[in-house]
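Enquirer: Based on what follows, work out the 3D shape:
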Amino acid sequence: MKAAVVEAVVDRVEDGDKEKKKRRPRNRRPKQNPSTSVSCSSVNELHGEVSPECLGNGTMANHVTTSLKQRHLDMNPPYEQELTKASNLAFSSLPTMHIVESLDVQSPENQRLLPSDFGGKMSAKSCPEPAACGASPGILTNKGSPPQHFEGFSQRKYFPPHWSMEDVNDALEKGDAFKALFRVNAHNRIEAYCKIDGVPTDVLIGGLAEQNRAVEGDIVAIKMDPLPLWTRMKGSAGACKSSAPVEDLNLNLEDTAVGCNCKGKVKVDEDCEYDSRTSYLLPERGSCSEESTYLRDSTHSEPIGQSCCDHAAGKYQLASDSSQAGSSSEQNVVKTPVERMCAIISSFPSKRPTGRVVAIIERSKRRDAVIGFLNVKKWISYREFCRKDMKKNKSLSYSDHEYIQMTPTDPRFPKMVVLVRNLPDAIKKRLENGDETIEKELFSARVDEWGEESLAPQALILRAFGHGTEVQPHIEAILFENAINSSEFSPESLSCLPRLPWEVPREEFQTRKDLRNLCIFTIDPSTATDLDDALSVENFSNGISRVGIHITDASYFVLPDTPLDEEAQSRSTSVYMTHRKIPMLPSLLSENIGSLNPGAERLSFSIFLDLNNAGDVVDRWIGRTVIRSCCKLSYEHAQDIIDGKFNSESFDTFKDSCPQIHGQFEWSDVIRSVKNLSEVSKTLKERRFSDGALQLDNSKVVILFDEYGDPYDSLFSERKESNSLVEEFMLLANRTAAEVISRAFPNSALLRRHPEPNMRKLKEFEAFCSKHGLELDTSSSGHFHQSLERIREKLKDDSVLFNILMNYATKPMQLATYFCSGELKHKENDWGHYGLAVPLYTHFTSPLRRYPDIVVHRTLAAAIEAEELYLEHQRLLNNLNRGDKFKMRCFTGVHFDKDAAESRESQEALLAAAMKHRVPNTELLTDVAAHCNVRKLASRHVKDACDKLHIWSLLKKKEILLSEARVMGLGPRFMSIYIQKLAVERRINYDEVEGLMVEWLDATSTLVLSLGTDRRTFRRGSPGKWRALEDAALIVSPYDLQAEPSPAGKSSNEPSSNGCSLNSEVEPMVFPLTVRLLSTIHVVLHAVGGDDGPVDIGARLYMSSYLC
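Expert: Take a look at the predicted model:
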């Protein structure tokens, strides 16, 4: 029966595909039609965002708009997905590795109304002047109509109304709609994806009408299209016409994330999590669609709830066969809409589910902090024109419908309109004075209104940051955009802390274990000031090593429900930028009384682990202690000890650069402890990977700054063995804390989980490696890691390629998140951490910089106290000696006594301890976890954005940078390259460049570039599309190789003032240039934007020729 069902569905799908092909415009280029030619805008502007630059006066001519009236918006968005870059080429981003042809934008049938730019403007061949002053550049002044309407348009709605919340809730309950997170493709804004919990494949929302005014980060309700209207998945057979038979071998690394999330103070983060959404690599501007979509009429959409399954043979009983057809009780009937959709997706893996937004359930906070530039030049020009035309010397009054366009720096957000009358007075005054420098300044805005009749949202200006050419305004904008609280701590928060000088209260020695006579030390980056973890080790004659992991007891100072606790929870995490830190806790706590500074008595939480030679934990003790660190080691110091470069005999040689030893200990004690810890950590690491752990880390770029805070160079930071030493013990401590708190409080434990990766993307990565002769096994995290290590060995002579592959391997990884155990009480299989291959994990070791660690500390303290109360009761009840209690530990011991933990006495003790330490209930803890997830992600966005900004600043200072690059994607119009020096991926476009001949050899996927004599012989586009040769290549004469290289925008013959000579180890290439996939080429990098758009990095070929 299953075969019959699937066959029936296949027939329906094929019929649907045939029907779509009938409606799909053919990709043919007709003869040039003057009425549809484009002269004032590039094809890039037609790609969903038509630039207002096309009209000299900034208005839309009536003859243009009237000709477009017949096109209804609902029919247009699918076309937008196919109007791509100037090359008419859809270069797929990860993980498809395809270069495909898109629709010809010159075809009249493809030139539709594009609603992404308020007026839906298409460029006219002519650029008429306004007849009167009623229209202005980028200003809509039709009387009685909203500012988004042009003359010639009737009052109509461009978007369907949103459902009421009552209808939404009813549809969600019935399965006619689904709740999802709305994410926009940064390379193609008219393409968005929605993630539905429990569904393995994201839902494509293609077209602005289907997106229905949702923006990045909104929680939306979506209605699914019927199965025959689903698009084909990227890379599936028949999805697109490949331009080369081997283009699926291309590797595009845009949006790739680094592997292991680094601790803000450059310490290795013990979480070892991977995220494909954030990146140190810079995304390409103007990149084309991530998904290939097909043309469809949105008015024919149907819900997936029941109707989609009707397309799939009624109830879609996939598990049934003919022998089971007679008995419904024996049939595996899929009950929930999510399960039905999963079944359909499983049976049709080449199909991408599609849908449309019907309501916005929760508006994204990003709506309140959109950063962008105001396009004021044309408005100022127009006002001057009107002043002369009306022969008035005084200022004109503002119309209610005059607006200025705002272009966000984040390409995922639409262009917006700002009504001039709503601008701050200071800006309006500058506008009246004709101050065009406003256009170079960064502003923040709030999305104020987006009605059904408006093609673009209205926005209100909130704040000005300064000129975009400077770094500091960008940093302030980044912090504002991510809602980072960088203000000083309130007096109420500071009043919660003791005053200096502070000492450990005497009463604490009565309740804590005194470890001041134990050799304990910290290992941190040399610049670290918030020291929250320390280590110790003792070796016994029976082969047992007792390792102590000592974490500062921040929860002693941050008491629940105090102003300090509320502010720490609000911030949730310290934010680490390239050379600046915004702390979660006041410096008095994080750098002084709470920091494990050497020679100072400090309160701590300690975990002692007795480990045998195999790395097994045979016993453990957890409790509150008082410690005194004897030494602050840097990673470099620890590495020198491990390598044997530094020992007690050579102390006199290195004593000037060595840290001070405090207390009764000597350097020999510290050296012996570091070496012992190193040996134990190696055993733990080997054991962890043999148990199935995965590690995706590689070298990272570090920006170097001078004494003025300006970047001057970059270098790679390799992981050291001393990093792994600390990491292994932090991982083990976190696992131990997770085990204890989940035993004691199974409904109120704050844990951290890492879901399995996107299997489809993982399989695509596996296929990519296979086609390059690299065997990869992704069946489990352990097999994945082992096969990557084999590839590392195979590519030991090509570290650049391996680093790229490691970055690419993070793409399928999902984000690790905090969660409350009670929230997933009946889904314990979802608690695990994929990267670490452990069933339970949490954060315990960094309470000075992460609020979840403070919550875990409180929960752990409650568990320890409850255990003490229970054991005291049992000792009195059974007449046991006090020393026997360690054999009966029900929560903190290696072995879990479940019966004891669930006994009435134990539960009463847990309740009393939970109330004392304010352990939050399930509902409250779920909210805390969600907030911490948001703040942690925001802090990572800040770090990534600042890294990108400083690279841009470095290139701006140098003007140009010569570098080698690896070709990872190749096609007839552009190539995708990876620059190892900066760990960024860029794109070089060589299509329709004057003076450049492009020859694409389809059979071998080889590119040949040559200088041509006839500069426009091979022209394919309309007038104005050709770009200057300098945009694609910096060409120098062999005679001038000692001359200065020219920055972006300068002639190759003009000298640069950067003091850098072309006579470097990076030599120019020569024409004809032959390029193949994975070739190494030489490029020139330069800074782009800043004062007229988002900061970015441009790349050009570095060539030499006698002809230029």
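Enquirer: Tell me who's in contact with the closest residue to Leu603 other than its chain neighbours.
Expert: Leaving aside its sequence neighbours, Leu603 sits nearest to Asp553 (Cβ to Cβ, 6 or more residues apart in numbering; 4.1 Å). Every C-beta, even on glycine, is put in place using the N, C-alpha and C of the backbone. Neighbouring residues of Asp553 by Cβ atoms under 8 Å, 6 or more residues apart in numbering: Arg602, Leu603, Ser604, Phe605, Arg624, Pro847, His857.
Enquirer: Farthest pair within those?
Expert: Put simply, by Cβ to Cβ the two of these set farthest apart are Arg602 and His857, 14.3 Å from each other.
Enquirer: Surely Glu865 is within a helix?
Expert: Yes. Under DSSP: H, G, I helix; E, B strand; the rest coil, Glu865 falls within a helix.
Enquirer: Need the phi and psi values for the residue nearest to Leu603.
Expert: Recorded main-chain torsions at Asp553 are phi -90, psi 70, according to degrees, to the nearest 10.
Enquirer: okay, now the spatially closest residue to Ser570 that is not a sequence neighbour: neighbour count?
Expert: If the residues on either side of it in the chain are set aside, Ser570 comes closest to Asn485, at 6.8 Å by Cβ to Cβ, 6+ apart. Neighbours of Asn485 under the rule other Cβ atoms under 10 Å: 15.
Enquirer: Just confirm Asn485 is within a strand.
Expert: No. Counting by three-state DSSP, Asn485 is not part of a strand but coil.
Enquirer: State the pLDDT value of it.
Expert: The model reports Asn485 with a pLDDT of 95.
Enquirer: Buried residues, the top helix by length along the chain. List them.
Expert: Assignment by DSSP state H gives helix 922-958 as the longest helix of the chain. Using 16 or more other Cβ atoms under 10 Å as the test for burial, helix 922-958 gives 922, 925-926, 928-929, 932-933, 935-956, 958.
Enquirer: And for stretch 810-827?
Expert: Result for stretch 810-827 [16+ other Cβ under 10 Å]: buried residues 810-823.
Enquirer: before we move on, the earlier item: ok, the contacts of Asp553 vs Glu727, which is closest?
Expert: Using Cβ to Cβ, the contacts of Asp553 come closest to Glu727 at Pro847, 17.7 Å.
Enquirer: helix, strand or coil for the closest one?
Expert: coil.
Enquirer: Tyr841 in helix, strand or coil?
Expert: When classified by three-state DSSP, Tyr841 comes out as coil.
Enquirer: Was I right to think it contacts Arg752?
Expert: Yes. Tyr841 is within contact range of Arg752, at 5.1 Å (criterion: Cβ atoms under 8 Å).
Enquirer: one step back: with respect to Ala767, which of the buried residues of stretch 810-827 is nearest?
Expert: Pro812 (12.3 Å).
Enquirer: give me phi/psi at that closest one?
Expert: Dihedral angles (degrees, to the nearest 10) for Pro812: phi -80, psi -10.
Enquirer: could you pull out the helices for the stretch 901-1050 of the chain?
Expert: Listed in chain order, the helices of the stretch 901-1050 of the chain (DSSP state H, counting those that start in this stretch) span 904-917, 922-958.
Enquirer: still on that earlier bit, and the residue nearest to Ser570, what is it in contact with?
Expert: Asn485 neighbours (Cβ under 8 Å, 6+ apart): Ser570, Arg571, Ile582.
Enquirer: From Lys827, how far out is the last one?
Expert: Right, Ile582. For Ile582, the distance to Lys827 equals 35 Å [Cβ to Cβ, to the nearest Å].
Enquirer: do the same with the second one
Expert: To Lys827, Arg571 is 30 Å away according to Cβ to Cβ.
Enquirer: Once you drop chain neighbours, what's closest to Glu492?
Expert: In space, Glu492 is closest to Pro563, 3.8 Å off (Cβ to Cβ, 6+ apart).
Enquirer: next one: Phe521
Expert: Per Cβ to Cβ, 6+ apart, closest to Phe521 is Cys631, 4.2 Å.
Enquirer: what's the neighbour count on that neighbour?
Expert: Neighbours of Cys631 using other Cβ under 10 Å come to 25.
Enquirer: swap in Asp640?
Expert: 21.
Enquirer: Check what pLDDT it gets.
Expert: The predicted local confidence for Asp640 is 92.
Enquirer: Before we go further, it is sitting in a helix, right?
Expert: Yes. Under three-state DSSP, Asp640 falls within a helix.
Enquirer: Verify the contact between it and Phe646 for me.
Expert: Yes. With contact defined as Cβ under 8 Å, Asp640 reaches Phe646; the gap is 4.2 Å.
Enquirer: beta partners of Lys1081?
Expert: In this structure residue 1081 is Ile, not Lys. Ala965 (DSSP bridges).
Enquirer: my guess is it meets Met1069, correct?
Expert: Yes. With contact defined as Cβ under 8 Å, Ile1081 and Met1069 form a contacting pair (6.6 Å).
Enquirer: Find residues that contact each of the two.
Expert: Residues touching both Ile1081 and Met1069 (Cβ under 8 Å, 6+ apart): Leu1101.
Enquirer: just checking, the residue nearest to Glu492 touches Gln569?
Expert: No. Using Cβ under 8 Å, Pro563 is not in contact with Gln569; the gap is 10.8 Å.
Enquirer: residues contacting Ser555?
Expert: Contacts of Ser555 by Cβ under 8 Å, 6+ apart are Pro847, Ile854, His857, Arg858, Ala861.
Enquirer: where along the stretch 1001-1108 of the chain do the strands fall?
Expert: For the stretch 1001-1108 of the chain, the strands defined by DSSP state E, counting those that start in this stretch occupy 1006-1011, 1033-1036, 1069-1070, 1073-1075, 1080-1088, 1096-1104.
Enquirer: looking at these, which is buried most?
Expert: Comparing the strands of the stretch 1001-1108 of the chain by mean neighbour count (mean count of other Cβ atoms under 10 Å), strand 1033-1036 ranks first with a mean of 24.
Enquirer: Please state the offset of it from the chain centre?
Expert: From the chain centre to the centre of strand 1033-1036 is a distance of 34 Å (Cα atoms, centre = their mean, to the nearest Å).
Enquirer: I'd like the average pLDDT over that strand.
Expert: Mean predicted lDDT for strand 1033-1036 stands at 92.
Enquirer: From the contact counts, what lies against it?
Expert: Using 3 or more Cβ pairs under 8 Å, 6 or more residues apart in numbering; DSSP states H and E as the contact test, the elements touching strand 1033-1036 are strand 1096-1104.
Enquirer: average pLDDT for the strand it packs on?
Expert: According to the model, strand 1096-1104 has a mean pLDDT of 94.
Enquirer: Cys496 looks like it's in a helix, true?
Expert: No. Assigned with three-state DSSP, Cys496 falls outside any helix and is coil.
Enquirer: Enumerate every residue touching it.
Expert: Phe557, Val558, Leu559, Thr562, Pro563, Leu564, Asp565.
Enquirer: before we move on, what about Ser770?
Expert: Contacts of Ser770 by Cβ under 8 Å, 6+ apart are Leu776.
Enquirer: so it is in which element?
Expert: Using DSSP states H and E, the element containing Ser770 is helix 759-771.
Enquirer: in the helix or strand following that helix, what's buried?
Expert: Using DSSP H and E, the helix or strand that follows helix 759-771 in sequence is helix 781-794. For helix 781-794, a neighbour-count test (16+ other Cβ under 10 Å) marks Ser781, Gly782, Phe784, His785, Gln786, Ser787, Leu788, Ile791 as buried.
Enquirer: Can you name the residues in contact with helix 781-794?
Expert: Contacts for helix 781-794 (Cβ under 8 Å, 6+ apart): 689-696, 769, 774-778, 802, 805-806, 809, 834-835, 837.
Enquirer: coming back round to it: how much space between the residue nearest to Phe521 and Ser606?
Expert: 18 Å.
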